[in-house]
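> structure, please.
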Amino acid sequence: MRLILSAAAGAILSVLALAACSKTEPVAADAHTDHDATAMDDSMKAADKADDTQSAITPDNYMFHTYPKKIEIVRLPAGGGTWAAHGYAPADLFKMLGSKDETLAGGAMVHTLQFEMLASGNGRVVFERRASANPNDPVLEVRTVSFMIH
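Okay, the predicted model is just below:
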């Protein structure tokens, strides 16, 4: 499994290729307890709590309700090709920290990507899966993930 992160007009200005299966330490569950949630109303806080406990494959058109300094994890189906990620947001809103393959509690293999939120704003990442890293190969699957950073 391989992930390629590329730029979109006015978005992230570099191309990043990461080989999957790199070892990274898991983020502590309480790693974001120092944030100021006063800007979030009760429904936003509930949505943020729900995506913190998300441990299944991230569905298409999923929106993370989040805030600066928080780490969010996107989980994509593993195997069967290469995922390319195209960011649509100013580069100072979020950054990708790393990716790896892991097994969920139910046994499903997923490709996880960690994103750190940097500033308040809205952005999205469109993931496209192809059979290989060749951008001319047909797209097999598309997943769009949005970040609403409060």
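> tell me which stretches of the protein form helices.
42-52 (DSSP state H).
> wait, residue 122 sits on residue 147?
Yes. With contact defined as CB atoms under 8 Å, residue 122 counts as touching residue 147 (7.0 Å). All C-beta atoms are positioned from the backbone trio N, CA, C, and that covers glycine.
> neighbour-wise, which of these two wins?
Between residue 122 and residue 147, residue 147 has the larger neighbour count (other CB atoms under 10 Å), namely 23 against 13.
> show me what the more buried one is bridged to.
Residue 147 forms beta bridges with residue 64, residue 123, as assigned by DSSP bridges.
> and the gap between it and residue 138?
For residue 147, the distance to residue 138 equals 28 Å [CB to CB, to the nearest Å].
> repeat that for residue 131.
The gap separating residue 131 from residue 138 is 8 Å, by CB to CB.
> any low-confidence regions in the protein?
1-40, 44-54 (pLDDT under 70).
> could you rerun that using 80?
For the chain, applying pLDDT under 80 flags the ranges 1-55.
> quick one, strands of it?
In the chain, the segments counted as strands under DSSP state E are 2-6, 16-19, 62-66, 71-77, 82-88, 94-103, 109-117, 121-130, 139-149.
> what's the closest non-adjacent residue to residue 130?
residue 137 (4.1 Å; CB to CB, 6 or more residues apart in numbering).
> same deal with residue 139?
Distances taken as CB to CB, 6+ apart place residue 128 nearest to residue 139, at 4.8 Å, with adjacent residues excluded.
> any idea what the one you found is bridged to?
Residue 128 has these beta-bridge partners by DSSP bridges: residue 84, residue 142.
> sorry, back to before: who's more crowded, residue 131 and residue 138?
Using other CB under 10 Å, the more surrounded residue of residue 131 and residue 138 is residue 131, with 12 against 8.
> and for the residue nearest to residue 139, the neighbour number?
20.
> surely it meets residue 138?
No. Using CB under 8 Å, residue 128 is not in contact with residue 138; the gap is 9.9 Å.
> ok, and the closest non-adjacent residue to residue 103?
Leaving aside its sequence neighbours, residue 103 sits nearest to residue 109 (CB to CB, 6+ apart; 5.6 Å).
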